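>>> What follows is a predicted structure for the sequence shown.
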Amino acid sequence: MTGRLEIPGPLGQRPHRVRASFVRGVRPLAGLAGEVSVRALDLFLSLAGLALLSPFLLARAAAGRLRTGRFLDREPRVGRFRTPFDELAFAGPMPGRRLAVLLNVLRGDMAFAGPRSLAPGEASTVAPSAAIRFQVRPGLVSPHLLRKRTGVAYESEADLDSEFVYGETLKKDVGLLARSVPAALLGSAPPRDAPPEFRLFGIRIVNTTMDEALEWIVGRAGASRPSTMAFVNPDCLNIAWRDPAYREVLLGAERVLPDGIGIHLACRMLGTPLMANVNGTDLFPRLCQRIAGTGLSIYLFGARPGIAAAAGEAMQRLHPELKVAGARDGFFPLGETPRVIQEINASGASILLVAMGAPRQEQWLASHAAELKPPVRMGVGGLFDFYSGRIPRAPVWMREIGLEWVYRLLQEPGRMWRRYIIGNPLFLFRVWKESRKAGSAEAG
Ligand code: UDP
C-alpha cells in the first residue's frame, strides 16, 4: 500500500498525514532516511553525553562497584519488535543511577524519544491495537511522560504512543527532547499517592483526573438536585484572596477544579502531588464528546454575540449527535436577567456553561442558583472564544510545557500583564507564606 493516510489527531488538533507503509507492518513514516537520521541523532547524543560525563560516570560506576560488588544493575525490558534487552542502571543507591541508559541508547536498545520501556509482564498485556508502539525503540522521554509531568496527559498512553509512532520525524524527536527540559523544571514526576483533595487559601480543590471529572458531570447531569462546579487558576485565587464574596461562592461550590500550571507549581511547593490539570478549556471538547448521543444537552451562555453559538456549532461538527440546547451571549442589560434565566430553563439543558470571566460568572450562578433548572452549572471563563475560532489557543507544545499563559500574555499584553506578571508571582508568594505558616503550626 502506498500513498498517505489520515490519522485523526487528538481533540481540537489537525489530523496527521502519514505514509501508508505502516499498514504493511513496516516502520511507519520515517522511511530509510528518517530512520537513519533518528538513529544518528541518538548515536550523537549518547556519545556526546558519555564523553562529556565520562569522569563522573567512571567514578559513579566505581562507587557502585565498591558498594555492591558490581558496576551495573540490569532490568529485563521488551524493546523494538518485542526483542528482550536489559535496561542498565549504575549499581548502588547514589545519584546518577539512571545515566547508564546512555549505554542502552548507544547500543540501539533504546532511543532518546519513544514510548516508555516496558517490563515483560506489562508488555504482554499491551492490546493488539496498541502494539504499534513496538515498531520503534523505547525512549528515555515519552510523549505520555512529558504530558504527565505538566498534568495534561488526558489521552491514554496507548493513544499518545500510537500518535508518536505514526508521526515520528527527526524534528518531532528533537522537539520532544527540547520540551522535556522545561516540563521537568515546571512540572513534577507523575503522582503516586495523590490525596483526593487539597486546600489553597482555604478553598477545597478536588484532585482528580479528566476522565473522573467527566464521569462526575455526567452522573450529576442526570440527578434531580443541582450541582455547581468552578475552575480556579492563580488569578481566581488572587481574586478570592481579596474578594470575600467570591471566596464564599467558591466555598459553596460542590466542586472546585485546578486550572493551569500555576496550581501545579503551588502543589509542588506544598508537597501535594497533583493528579491532573483539569481546566475548563481542555474539559469542554471532551465533555461534548462524552455526552454526544446520551440525551444530555448543554447550554452555552456568555462571550460576545454569536461566539457561544459558533463554539457549539464547532463542537457539533466534530460530534454530530451533540445536543446544544441553546446559546446566547454574555452582554445584556441587568433588567433582562429574568428573561435570560427563562430562556435557559426553557431549553431543558442538562449542563449550563457560563463564560463571563471570573468572578462574574460564578457570582451570577450563585445569585440565581435557586431560579436555574439545569442540574449541572459551571463557570468556564473565555473558552468559547477559543472554540469559536475568535482567539487562537496556544499550540500544543506550549501547553505541554506549561507555558500557555505566555501565549495569552503575548496575545493581549494590555489586559493580561497584571494577571500574569504580577499575579502569578504574587500567588506563589502567598502559597509559600501559607505553607510556612502551616509548617510552623505543625511544628508548634
Ligand atoms: N464576558 C461576558 N460578559 C461580560 C464580560 C465578559 O460574556 O460582561 C466574556 C468575554 O467575552 C470572554 C469571557 O467573558 O469571552 C471572559 O474571558 P476571560 O479571558 O476574562 O476569562 P478567563 O478564562 O481568563 O477567566
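Good, I have the coordinates.
>>> what sits against the most centrally placed residue in the chain?
By C-alpha atoms, centre = their mean, the mean C-alpha position of the chain lies nearest to residue 152, the distance being 0.8 Å. Residues near residue 152 by C-beta atoms under 8 Å, 6 or more residues apart in numbering: 276, 277, 282, 399, 400. Quick note: C-beta positions are derived from backbone N, CA and C, even for glycine.
>>> swap the cut-off to 6 Å and go again
The contact partners of residue 152, taken as C-beta atoms under 6 Å, 6 or more residues apart in numbering, are 277, 399.
>>> Now do it, the pLDDT please.
Residue 152 is assigned 95 on the pLDDT scale.
>>> Could you do residue 166 as well?
Predicted confidence (pLDDT) for residue 166: 89.
>>> Report the secondary structure state of it.
helix (DSSP: H, G, I helix; E, B strand; the rest coil).
>>> and it, how many neighbours does it have?
18 (other C-beta atoms under 10 Å).
>>> where's it relative to residue 132, distance?
Plainly put, residue 166 is 7 Å away from residue 132 if you go by C-beta to C-beta, to the nearest Å.
>>> now residue 412
Residue 412 is 41 Å from residue 132, by C-beta to C-beta.
>>> Among the two, which residue is more densely surrounded?
The residue with more neighbours, out of residue 412 and residue 132, is residue 132; 20 against 11, by other C-beta under 10 Å.
>>> Quick check: the more buried one touching residue 165?
Yes. Residue 132 is in contact with residue 165 according to C-beta atoms under 6 Å; the separation is 5.0 Å.
>>> Now the residue nearest to the centre of the chain. Its backbone dihedrals?
Main-chain torsions, residue 152, degrees, to the nearest 10: phi -120, psi 30.
>>> and what of residue 90?
The phi and psi torsions at residue 90 (degrees, to the nearest 10) take the values phi -70, psi 140.
>>> shouldn't it be in contact with residue 64?
Yes. Checked against C-beta under 6 Å, the pair residue 90 and residue 64 is within contact range at 4.7 Å.
>>> do you know how far residue 335 is from residue 361?
19 Å.
>>> which of the two has more neighbours?
residue 361 (23 against 7).
>>> element containing the more buried one?
Secondary structure assignment for residue 361, by DSSP states H and E: helix 360-367.
>>> what do you get for residue 204?
For residue 204, the element it lies in under DSSP H and E is strand 203-206.
>>> strands paired with that strand, and their directions?
Using DSSP bridges, strand 203-206 pairs in its sheet with strand 197-200 (antiparallel).
>>> need the residues of this protein near the ligand, please.
Counting by C-beta under 6 Å from any ligand atom, the residues of the chain lying close to the ligand are 302-304, 330-331, 355-358, 381-382, 384-385.
>>> I'd like the list of those that fall within strands, please.
In this view, the residues of the chain next to the ligand that belong to strands under DSSP state E are 302, 355.
>>> Using ChimeraX, make a named selection holding only the buried ones among the residues of the chain next to the ligand.
Burial among these is assessed by 16 or more other C-beta atoms under 10 Å; the matching ChimeraX selection reads:
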select :302,303,330,355,356,357,358,381,382,384,385
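>>> tell me what the helix holding residue 361 is packed against?
Counting contacts by 3 or more C-beta pairs under 6 Å, 6 or more residues apart in numbering; DSSP states H and E, helix 360-367 packs against helix 244-252, strand 376-379.
>>> mind putting these in CSV, mean neighbour count included?
Converted to CSV, the helices and strands packed on helix 360-367 look like this (neighbours: other C-beta atoms under 10 Å):
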stretch, mean neighbour count
helix 244-252, 16
strand 376-379, 28
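>>> mind putting these in JSON lines, mean pLDDT included?
Formatted as JSON lines, the helices and strands packed on helix 360-367 follow (pLDDT from 0 to 100):
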{"stretch": "helix 244-252", "mean pLDDT": "98"}
{"stretch": "strand 376-379", "mean pLDDT": "98"}
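>>> What is the burial count for residue 66?
10.
>>> In three-state terms, label it for me.
For residue 66, the assignment made with three-state DSSP gives helix.
>>> Repeat that for the one 4 residues further on.
Taking three-state DSSP as the rule, one finds residue 70 in the coil state.
>>> which residues touch the residue lying closest to it once chain neighbours are set aside?
Excluding its sequence neighbours, the residue lying closest to residue 70 (C-beta to C-beta, 6 or more residues apart in numbering) is residue 91, at 4.9 Å. Residues near residue 91 by C-beta under 6 Å, 6+ apart: 64, 68, 70, 72, 73.
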